[in-house]
Each structure stands twice: as structure tokens, then as C-alpha cells.
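1. I need the structure of the sequence given here:
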Amino acid sequence: QADASDRLRAAGVVRSPVEGIPVSVKDLYDVAGDVTRAGSKALAGNPSAKADAVAVARLRAAGAILIGRTNTVEFAFGGVGTNPHYGTPKNPWDRDAARIPGGSSSGAAVSVADGMAVMGLGSDTRGSVRIPAALCGVFGFKPTQARISREGCFPLSYTLDSVGPLANSIAC
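-> As a prediction, the model looks like this:
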């Protein structure tokens, strides 16, 4: 993906402001070929996703480079960011004390705060983007509930879930 993006840029083609940037994806979103575990061992044996979630497909089409999946609270149900099954991402501001990263988009916030990704794709129902953004020192945005399609995203609440990005800046 990165090589293809570099070739396009060299040819003067830039598909979008996210062309070529590394993006992490919360383990609630389907990524074709991967099992979406939603932070739970109960889903680990499920079949791999056949297609990307709409939000993931749109990022790929815009030229974003998916660098990996991030840990989440089991089934996105929690505000502190812990996961006993796959590990809790450590807040980069105080790893020694193992301070919580916050929210269910904990891995996305840590990946951005640590510089592993320029943007993290998270989700927010009751603060799951905003809380880890605040605790990890990054920006998080919860758009209107149906602004970005949630198709292909494991739901916590069909009426409250929102797709939301996390980044070190709000600038494109």
C-alpha cells in the first residue's frame, strides 16, 4: 500500500489528505482477511471478514495505509481501556505506573500518542474516543451518530455508536 501511494504521489496524484498516512484500526471494524474479535476471546474463532467495514474501505480508497489493529475493551463496553484477554495498552504519559488509557478506543489513542499511527480509527458510544483522547493527549472526534456508516463495525449500541477518528492534530 505504501509503495503504491508513493508511486501515485511521484506521478502527481494525491487522492485525498490522508494519502499515504499510517492509520490504525480498532478491533471492532472488519478488515478483509482478519477476524474481528471485538477484544473478546469468544469471537477469536470466528471466520475472517470477507470485506472491509465501510469506514475502513473509505480510508483505503482515500490512500490511507492500514498498519494494524488496536486493542479495545471487550465488546467496547467500558470506559477505562482495559482488556484482560489481549492486554491493556499502556498510557504513554506514565507507563511505569501503568495508568489507564481510557475508553474502549484505548489502543487507537495509544497508537497515535506513541507515533505508531498518524490517525487511529475508533468508535464512540459514551466517550470511547473522547476519553482516551483526553487521557493520552491526542484529539478525538465523535461525529453525529449516523454521519459515517457503521456497517462492518461490531456494535455496542445500534442507536448511539459513532465512527470517530483520533489524531495528534485536527489539521489535515
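2. which ones are touching the residue nearest to the spatial centre of the chain?
-> Central residue of the chain (Cα atoms, centre = their mean): Leu121, 2.7 Å from the mean position. Neighbouring residues of Leu121 by Cβ atoms under 8 Å, 6 or more residues apart in numbering: Val23, Ser24, Val25, Lys26, Tyr29, Ala55, Val56, Leu59, Ala108, Val163, Pro165. Yep, even glycine has a C-beta here, placed from its N, CA and C like the rest.
3. again, but for Met116
-> Pro22, Ser24, Ile67 are the contacts of Met116 under Cβ under 8 Å, 6+ apart.
4. let's go with 10 Å and repeat that
-> Shown in contact with Met116 (Cβ atoms under 10 Å, 6 or more residues apart in numbering): Pro22, Ser24, Ile67, Gly68, Thr70, Gly107, Val110.
5. What is the three-state secondary structure of the second one?
-> This points to Ser24. Using DSSP: H, G, I helix; E, B strand; the rest coil, the structure places Ser24 in strand.
6. Quick check: Arg60 touching Gln1?
-> Yes. Using Cβ atoms under 10 Å, Arg60 is in contact with Gln1, at 7.7 Å.
7. Between these two, tell me which one has more neighbours.
-> In terms of neighbours (other Cβ atoms under 10 Å), Arg60 is the more surrounded of Arg60 and Gln1; the figures are 17 against 13.
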